[in-house]
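Colleague: Quick one, what's the 3D model for this:
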Amino acid sequence: MANFNFNKVIIGGRMTAEPELKQTTSGIPVLTFSVAVNRRIAKNTEQKADFINCRAWRERAEFISRYFHKGSSISVVGTLQQNNWVDQQGAKHSTYEVVVDEVNFVDSASESRSQGGGYNPYSAEQSGYAAGTAEDASKFEQVENEDDLPF
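Modeller: Next comes the predicted model:
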């Protein structure tokens, strides 16, 4: 019998804070951020959200830090990873995070501005383009005015 393993996570929500771009001691860019994802709820009940920690590496980390900000809507595809450690008192701890494989724009430019997430002229709604790799990032250029966009 074949061994079946599958680990794929898809989340969509809003970034809870400015993403934190850092570098490892060997110079590899790494970005951590959190996404607030609303839970499904029954009518007339209070909305609740889960706050999902995410980590992106290399070009994808740089891409996200450049085009996504606190309040930006974001769609992330990745794998779920568990991190375990023991603190100085000997207590065991465990956290989960999504390691980002793909990232996609969700907001239109006007929605991005109104949410305080910064201007994002490259939304999926406007361009029909989903981004997530270094190749994708190289296809973008910053524009000052929405009227300068080619679409």
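
Colleague: Can you show me the CA trace of whatever helix or strand residue 103 lives in as PDB?
Modeller: Assigned by DSSP states H and E, residue 103 falls within strand 92-105. Extracted in PDB, the C-alpha atoms of strand 92-105 (Å, rounded to 0.1, in the frame of the first residue of the first chain):
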ATOM      1  CA  LYS A  92       7.900  22.300  26.100                       C
ATOM      2  CA  HIS A  93       6.300  24.700  23.600                       C
ATOM      3  CA  SER A  94       4.900  24.200  20.100                       C
ATOM      4  CA  THR A  95       3.800  26.700  17.400                       C
ATOM      5  CA  TYR A  96       2.500  26.300  13.900                       C
ATOM      6  CA  GLU A  97       3.200  28.500  10.900                       C
ATOM      7  CA  VAL A  98       2.500  28.500   7.200                       C
ATOM      8  CA  VAL A  99       5.600  28.400   5.100                       C
ATOM      9  CA  VAL A 100       4.700  30.400   2.000                       C
ATOM     10  CA  ASP A 101       5.000  28.900  -1.500                       C
ATOM     11  CA  GLU A 102       2.700  31.300  -3.300                       C
ATOM     12  CA  VAL A 103       1.200  34.700  -2.600                       C
ATOM     13  CA  ASN A 104      -1.600  36.500  -4.400                       C
ATOM     14  CA  PHE A 105      -3.000  40.000  -4.500                       C
END
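
Colleague: Remind me what it packs against, helices and strands.
Modeller: Applying 3 or more CB pairs under 8 Å, 6 or more residues apart in numbering; DSSP states H and E, one finds that strand 92-105 contacts strand 49-57, helix 58-67, strand 73-86, helix 124-127. Heads up, the C-betas are built off the backbone N, CA and C, glycines and all.

Colleague: right, so these: which one is the most enclosed?
Modeller: Mean neighbour count (mean count of other CB atoms under 10 Å) peaks for helix 58-67 among these, with a mean of 20.
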